[in-house]
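K.L.:
Everything below, folded, please.
(one chain, ligands or ions: 1)
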Amino acid sequence: MRRREDRRQTGRWAALGAGAGLVGGLAILGVDIWPLLLILALVGVLKWSGALGQLASRTRVGAPVASARGAVPAVRFEDVGGHDHAKQELVEALDFLKRPEAAERLGVRPLKGILFTGPPGTGKTLLAKAAANYSDAAFFSASGSEFVEMYAGVGAQRVRQLFQDARRAGRQADGGCAVVFIDEIEVMAGRRGQHTSHLEYDQTLNQLLVEMDGLTPHDDVRVLVMAASNRADLLDSALTRPGRLDRQVRVDLPDRTARRQILALHAANKPLAPDVDLDLLAQDTFGFSGAHLESVCNEAAILALRDGQHAVGRTHFHEAVDKVLMGERMDRVVRSAERRRVAVHEGGHAVVAELVRPGSVSQVTIAPRGRALGYVRQSPADDPLLETVSELEGQIVVCLAGSEAEALQLGERSTGAANDFEQAWAIARRMVLAGLTDLGVVEERALTKDQMFRAVQATLGRATARVRTLLEQHAGDLTRLADTLVVEETVDGPTLRSWMAAALG
Ligand code: ATP
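P.N.:
Reported below is the predicted structural model:
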């Protein structure tokens, strides 16, 4: 390393000497050397300010693209919570990579690529790392955006460079193979001909296709390409056809069991107080991704530290869930009339939620967080795969209950329900398109705006009438809840349920 640097230094001095000799010679011969001197001075200033270096590094075709280069990652499949199906698919694909002879004997064409699709933060990168660990493969990861450059040909050259590096590192890895992982692949591999600077994009994608076509089971280094995307619908079909990224593994939001596993994984290095129940926490975190759950565990530990506790307790986890869901608690001063209105509004949501889905409210609060002045946390007992008409109507009813409660108890509505209406509208629209309204089976393009408007309005109208009846029947529960919220700020689900049961009895 040192000798190479010395050689470079000597070279630089020799070039400088030769340059000075040349300029001196030209001067002696009577040539006008001023323009030359001016250019040299300009280059000197640019080099000194680093601008030239930056320009060079931007255009340098072999500039590094991979953020994690060559090492076998430490993440194992056991460190990834849930996704059992995805893990199984991966292990199968990797066994082809590890034991190509067995696959060849049966005439199996080894996989060249796997595409992970799913929402952000669900563990796609984690799975790719675990896959590389499983097969002792050198792991190269890059993001699609690292291949996007304004200079033509640079992206393509970077793709070539990445595969060259992977082959080199794979040769040295124990497993004799390499995994190339490209995150956000839709950035570099969107459908060809769509970008304004499409030639550069197309060249980059073409190069990726060429590299993948060049991978054969008889190579001395076996390379498996993995890619992840939140928008698989944008990908060029040439990339997803059989023989390229032909196995698609869906990495969805975790269900309740998977959430429990992920929470356990991220809580493993934290001392937990005896009152922490990860099963309940998994139920309370419906809709959270793995990244959200990791953040909940981390925030809970930070809160415990702030409290000067030696163990992370239930209240820390509860606070952390709210923080991850709604943002930091705000010290916003709320006028007392507004406080009452927020209590009535949230109380309306909570009472109606308990009526249409008993046992679903886990907490109702009027503590301002992020942009919300209060909120009701609901956690369904099971993660639904399909939703029925009555469930969807129930969701609409809950959305409308806040504003209706304000109207009934305070005589007028406020702007606080704008977001609720948006949600209610979106659910009703979904019902129309799923053929669940009086319009029957519809095709979106065949519907006029007016037809859609009327169908949604009819659904919302029916829901509003139902909300009004429910709230009138349970006006006592609503008043008691709102009064308590004004004083205590938060009421949990079991307390609310006990009041409502007592009122009925
Ligand atoms: P993106 O699509 O935004 O790139 P991703 O799906 O690749 O996200 P990862 O980067 O793998 O998500 O996950 C982010 C972090 O979330 C991980 O480092 C890990 O801490 C946590 N995480 C996500 N999913 C899981 C899981 N299934 N098990 C354990 N931890 C997880």
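K.L.:
What is the burial count for residue 172?
P.N.:
Residue 172 is flanked by 11 other residues according to other Cβ atoms under 10 Å. The way it works is simple: take the backbone N, C-alpha and C, and place the C-beta from them, glycine included.
K.L.:
Name all residues that make contact with the closest residue to it other than its chain neighbours.
P.N.:
Among residues not flanking residue 172 along the chain, residue 138 sits closest, at 7.2 Å (Cβ to Cβ, 6 or more residues apart in numbering). By Cβ atoms under 8 Å, 6 or more residues apart in numbering, the residues touching residue 138 are 70-72, 132, 166, 169-170, 172-173, 177-179.
K.L.:
so where's the stretch 1-150 of the chain uncertain?
P.N.:
Applying pLDDT under 70 to the stretch 1-150 of the chain flags the ranges 1-16, 43-70, 149-150.
K.L.:
cool, the chain as well?
P.N.:
1-16, 43-70, 149-152, 191-201, 217, 330-334, 381-383, 505.
K.L.:
what about the strands in it?
P.N.:
Using DSSP state E, the strands of the chain run over 68-69, 113-117, 138-143, 177-183, 222-229, 247-250, 361-365, 375-378, 490-492.
K.L.:
buried ones in the last one?
P.N.:
Burial within strand 490-492, assessed by neighbour count using 16 or more other Cβ atoms under 10 Å, is assigned to residue 491.
K.L.:
what does that strand contact?
P.N.:
Residues from elsewhere that reach strand 490-492, judged by Cβ under 8 Å, 6+ apart: 350, 362-367, 481, 484-485.
K.L.:
Neighbouring strands - and their directions - for that strand?
P.N.:
Strand pairing for strand 490-492, using DSSP bridges, gives strand 361-365 (antiparallel).
K.L.:
One more: the longest one?
P.N.:
Each strand paired with strand 222-229, and its direction, by DSSP bridges: strand 113-117 (parallel), strand 177-183 (parallel).
K.L.:
How about the shortest one and the ligand, any contact?
P.N.:
The reference is to strand 113-117. No: figure legend: strand 113-117 not in contact with the ligand (Cβ under 6 Å from any ligand atom); closest approach 7.3 Å.
K.L.:
gap between that strand and the chain center?
P.N.:
16 Å (Cα atoms, centre = their mean, to the nearest Å).
K.L.:
For the protein, what lies in contact range of the ligand?
P.N.:
80-83, 120-126, 183, 228, 230, 262, 265, 290-291, 294.
K.L.:
Any of the residues you listed buried? List them.
P.N.:
Applying 16+ other Cβ under 10 Å to the residues of the chain next to the ligand, the neighbour count classes 80-83, 121-126, 183, 228, 230, 262, 265, 290-291, 294 as buried.
K.L.:
Can you flag which of those residues belong to helices?
P.N.:
124-126, 262, 265, 290-291, 294 (DSSP state H).
K.L.:
Now distance to residue 400 too, for those residues, in a markdown table please.
P.N.:
Below are those laid out as a markdown table (distance: Cβ to Cβ, whole Å):
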| residue | distance to residue 400 |
| --- | --- |
| 124 | 37 |
| 125 | 40 |
| 126 | 40 |
| 262 | 34 |
| 265 | 39 |
| 290 | 33 |
| 291 | 32 |
| 294 | 35 |
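K.L.:
Looking at the residues you listed, which is nearest the ligand?
P.N.:
The nearest member of these to the ligand, counting by Cβ to the nearest ligand atom, is residue 290 at 2.0 Å.
K.L.:
isn't that closest one right up against residue 125?
P.N.:
No: applying Cβ atoms under 8 Å as the test, residue 290 and residue 125 come out as separate, 10.4 Å apart.
K.L.:
Not including adjacent chain positions, what is the nearest residue to the residue in the stretch 51-200 of the chain positioned nearest to the ligand?
P.N.:
Among the residues of the stretch 51-200 of the chain, residue 123 lies nearest to the ligand; the distance is 2.8 Å by Cβ to the nearest ligand atom. Spatially, and ignoring its direct neighbours in sequence, residue 123 is nearest to residue 290 (4.6 Å; Cβ to Cβ, 6+ apart).
K.L.:
Domain ranges for this protein, per the record?
P.N.:
Domains of the chain are assigned by automatic domain parsing as 22-59, 69-250, 256-326, 336-504.
K.L.:
Export only the CA atoms of stretch 417-430, formatted as CSV.
P.N.:
Taking only C-alpha atoms (Å, rounded to 0.1, in the frame of the first residue of the first chain), the coordinates of stretch 417-430 have been written out as CSV:
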residue,chain,number,x,y,z
ALA,A,417,-63.4,15.8,11.8
ALA,A,418,-62.0,16.5,8.4
ASN,A,419,-59.6,13.6,8.6
ASP,A,420,-62.4,11.3,9.8
PHE,A,421,-64.5,12.2,6.8
GLU,A,422,-61.7,11.6,4.5
GLN,A,423,-61.3,8.1,5.9
ALA,A,424,-65.0,7.4,5.8
TRP,A,425,-65.2,8.5,2.2
ALA,A,426,-62.3,6.3,1.3
ILE,A,427,-63.9,3.2,2.9
ALA,A,428,-67.2,3.9,1.2
ARG,A,429,-65.5,4.3,-2.1
ARG,A,430,-63.7,1.0,-1.6
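K.L.:
Could you check how far that stretch is from the centre of its chain?
P.N.:
A distance of 24 Å separates the centroid of the chain from that of stretch 417-430, by Cα atoms, centre = their mean.
K.L.:
what's the residue nearest the centre of the chain sitting at in phi/psi?
P.N.:
Central residue of the chain (Cα atoms, centre = their mean): residue 120, 1.6 Å from the mean position. Backbone geometry at residue 120, expressed as degrees, to the nearest 10, gives phi -60, psi 150.
K.L.:
ok, it - contacts?
P.N.:
Contacts of residue 120 (Cβ under 8 Å, 6+ apart): 230, 289, 291.
K.L.:
Can I get these in CSV including distance to residue 313?
P.N.:
Output for the contacts of residue 120, formatted as CSV (distance: Cβ to Cβ, whole Å):
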residue, distance to residue 313
230, 35
289, 24
291, 23
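K.L.:
Residue 478 - how many residues pack around it?
P.N.:
23.
K.L.:
What's the separation between it and the ligand?
P.N.:
Distance of residue 478 to the ligand, computed by Cβ to the nearest ligand atom, to the nearest Å: 39 Å.
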